[in-house]
Structure formats: C-alpha cells, structure tokens
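Chemist: next input, structure requested:
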Amino acid sequence: MALHALGWSPRFAQHIKNDTEALHRRPVRVIAQHRHTLVVHDGANEIELPALGKWFRDKQSTQPTVGDWLLFHQQDVSRTRILPRESEIQRLVKARRTAQVIAANVDLLLVVISCNDDFSESKLERYLALAEASDVEAHVVFSKMDLNPSYTQIVERAKPLLFDIDCTAVNCLDVVTLGTIRQLFTSQITGLVVGSSGVGKSTLTNTLVGESVQKTQQTRSKDEKGRHTTSARRLVQIPTGGLIIDVPGIRELALTGVAESLPRTFPDIEALAHECEYRDCAHEQEPNCRVRTAVQEGDLDARRLTNYKRVRIQLSPAFSHAPKEIEV
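Modeler: Sure, this is the predicted structure:
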C-alpha cells in the first residue's frame, strides 16, 4: 500500500517541506491504538510502537490517535512527533472532564442511525453538530432498512433536520445498497463511522472493505436494540478507494470544542436569531426574542430549540456554563 493510499497528501507534506529533522524520519499513519502500543503504517509495513514520548504524559487531546500522521524516528522512538492535524473529532470524557480525540485527519463523518424505534431527532442533531464543530462533512446513513418495511417514515422524520446534508438508507449487508456510500470514498478520503451501539457500523465497515475487520452481533429481537461489539478503533483501506475508521458505539455524546455558530446544523434557528433585538440573545427571557416567538407561533419545535441551547452550551465560548453530559 503506497503512502498516498493511506491519505498522505501535499497538505501534510507541506508541514515537513523545510524541516531538516524530517530527513531522518519518515511519515507513518496511526492505524490502530491499544492500551500500551500504537500500530502505524509507512505505506509498506505495519510497525508497532510502544506508548512512549512526551505526548503520553500530556493531556488526552494532544496524544496520538487513530488517523494521526507521525514523523517516525526509527533510532529513537521517543523522538517521533505528531504532524499538525487537518481535523479532529472530539468528545468529552465524563469521568476525567477532559477532551478525548476520537480520530484525527477525518474528511467525512458517517452518522449511522438505525431505522427503528431508537431513532431520536435530538441525537441526530448532536451528531450533526459534532461534524460541524469539527469542520468535517457529514452524511447520514439510515441502516437496517431491510428490517423495517416502514423505514421511509424514519427517513421522512429526519429530513426536515438535514437541510443541505445528504442521507442514504441502506442494508449494511447488501453491497448494492451501499453504492452511494462507496462513491463518497474517493482516494485519500478518510471517513469515520459514528452512531450508537448496534446500529450496524461494523457491518457497514465490513461490507465496504469486503472482509470482516470488525466483529458483529445480531440485534436483540426483544427490543431491536443493538449489542456493543467494536472495542477498538482501527483505520482500514477500502479496496475501491479511501479509508474508514470504525469506533465503539457512543453511549454518551458530550460535545467539546468551540463553535461560534452552527449554521449547517441549525440554520433555521440561526436565521431567526439574527432578528432578535439583542445580538447575544440567549432566547430565554429577553424581550423581542424572535426565536421564542417562532416557538409560540408554532413555526419552530420547542424540542429543537432546547437541544440547540444544550449544544451551544457545550460548544460556544459565548456561554460560561460548564459542559454537560447528554445521553444519546
């Protein structure tokens, strides 16, 4: 596998163009992460590195993760360094109250939503906000269409929330229904699959790759809920082009990061907010709040406004509240 097939591009090469130290190191990409080791690939071979270096003593958000590009120093592994990231997908770790980078250098976020009673508008909005705050393109995948004859009802419920974001309904076991998804993965595109446990993320990954790179389990028949199977993050190549990262199901999506506004996820509310009397209107008790008026007149769903406020609390520096964990 050539280096460019791992996603190496002129953007990353630019970082080492005038770096004399880079002459003694070679670019490698982190393709898997374990408790005490990293697995990296140099375009020809996989290399297992011990978890050494100052980054492992630093905060989690600056530690190497799947998708990172490193300059590997073969004689002294501890002198290996991380190249600047083009993007990073973060969440808040509840126990430590710190940010964790789920994956780095991601171009596409595949948000997998199961076509069953587990569907939640607020959950979908938070995943879309995750993509927007990370400056990554999102595509919504409605999985398990084959298990629900009325799956189009779920899709229709979601469409008013998507605006310009594309979506596709699929059977994750059927390669034919994944044609649109496969076309998103042109060469050098890295996609990250996110969603709740058991929605079919690993099955989707396996079908795209053409082999079982992640374990899967059947959905529980009593409640149609999935079972958590993926326990590690791994970046794998799709034979037709691109790369994909599957991650364990997220039980709690506590957003972290900074986003002054969310025009892709909440364009309707953002547009209404421009008509409020106060520029920094929190849409609570302020007079002449256009957003609250829209709710009162039935033009805006109160649930959507509540979720918008929660997301903004987590992402916007304009809010001084501490981040809150929100179950998904």
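Chemist: all contacts plus neighbour counts: C-alpha atoms, from now on.
Modeler: Noted.
Chemist: I'd say residue 3 and residue 45 touch.
Modeler: No. Counting by Cα atoms under 8 Å, residue 45 is not a contact partner of residue 3; they are 10.4 Å apart.
Chemist: who has more neighbours out of these two?
Modeler: A count of neighbours by other Cα atoms under 10 Å puts residue 3 above the other of residue 3 and residue 45, at 16 against 11.
Chemist: so for that one, what's the pLDDT?
Modeler: Residue 3 is assigned 88 on the pLDDT scale.
Chemist: ok, now the one 4 residues further on?
Modeler: Reported pLDDT at residue 7 in the predicted model: 92.
Chemist: distance-wise, check it relative to residue 273.
Modeler: Here the criterion is Cα to Cα, to the nearest Å. By it, residue 7 lies 39 Å from residue 273.
Chemist: contacts only, for residue 262.
Modeler: Listed by Cα atoms under 8 Å, 6 or more residues apart in numbering, the contact set of residue 262 reads 129, 132-133, 270.
Chemist: secondary structure class of the nearest residue to residue 101 once chain neighbours are set aside, three-state.
Modeler: Nearest non-adjacent residue to residue 101, counting by Cα to Cα, 6 or more residues apart in numbering: residue 90, 4.3 Å away. Three-state call for residue 90 (DSSP: H, G, I helix; E, B strand; the rest coil): strand.
Chemist: next one: residue 211
Modeler: Under three-state DSSP, residue 211 comes out as coil.
Chemist: and it, how many neighbours?
Modeler: 11.
Chemist: phi, psi for it please.
Modeler: With angles defined as degrees, to the nearest 10, residue 211 sits at phi -160, psi 160.
Chemist: still on that earlier bit, okay, now the residue nearest to residue 101: neighbour count?
Modeler: Neighbour number of residue 90 under other Cα under 10 Å is 23.
Chemist: in this structure it contacts residue 105, no?
Modeler: No. Counting by Cα under 8 Å, residue 90 stays clear of residue 105, with 11.7 Å between them.
Chemist: about what we covered before: list just the nearest of the contacts of residue 262 to residue 185.
Modeler: residue 132 (19.1 Å; Cα to Cα).
Chemist: assess the claim that that closest one and residue 264 are in contact.
Modeler: Yes. The pair residue 132 / residue 264 is scored as a contact, 6.9 Å apart, by Cα under 8 Å.
Chemist: okay, helices next: where are they in the stretch 51-200 of the chain?
Modeler: Ranges of helices within the stretch 51-200 of the chain are 121-133, 151-162, 179-184, based on DSSP state H, counting those that start in this stretch.
Chemist: just name the most buried of these.
Modeler: helix 121-133 (a mean of 22; mean count of other Cα atoms under 10 Å).
Chemist: average pLDDT for that one?
Modeler: 93.
Chemist: now do that helix: which elements does it pack against?
Modeler: strand 88-93, strand 108-114, strand 137-143, helix 151-162, helix 302-315 (3 or more Cα pairs under 8 Å, 6 or more residues apart in numbering; DSSP states H and E).
Chemist: residues in contact with the second one?
Modeler: Judged by Cα under 8 Å, 6+ apart, the contacts made with strand 108-114 from elsewhere in the structure are 119, 124, 127-128, 131, 136-144, 189-196, 199-201.
Chemist: can I get the CA coordinates of that strand in CSV?
Modeler: This file holds the C-alpha atoms of strand 108-114, laid out as CSV (Å, rounded to 0.1, in the frame of the first residue of the first chain):
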residue,chain,number,x,y,z
LEU,A,108,-16.2,12.6,6.3
LEU,A,109,-18.4,11.7,9.2
LEU,A,110,-20.8,8.9,8.5
VAL,A,111,-23.6,9.2,11.1
VAL,A,112,-25.4,5.9,11.3
ILE,A,113,-29.0,5.9,12.5
SER,A,114,-31.0,2.7,12.8
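Chemist: for that strand, which strands pair with it and how are they oriented?
Modeler: strand 137-143 (parallel), strand 190-194 (parallel) (DSSP bridges).
Chemist: and what of the first one?
Modeler: Each strand pairing with strand 88-93, determined using DSSP bridges, is listed with its direction: strand 98-104 (antiparallel).
Chemist: export the worst-scoring helix or strand of the chain on mean pLDDT to CSV, keeping only CA atoms.
Modeler: Lowest on mean pLDDT, DSSP states H and E among the helices and strands of the chain sits strand 88-93, with a mean of 80. C-alpha atoms of strand 88-93 as CSV (Å, rounded to 0.1, in the frame of the first residue of the first chain):
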residue,chain,number,x,y,z
GLU,A,88,-10.1,16.2,14.9
ILE,A,89,-13.2,14.6,16.2
GLN,A,90,-13.5,15.1,20.0
ARG,A,91,-15.9,14.2,22.8
LEU,A,92,-15.8,15.0,26.5
VAL,A,93,-14.7,12.1,28.7
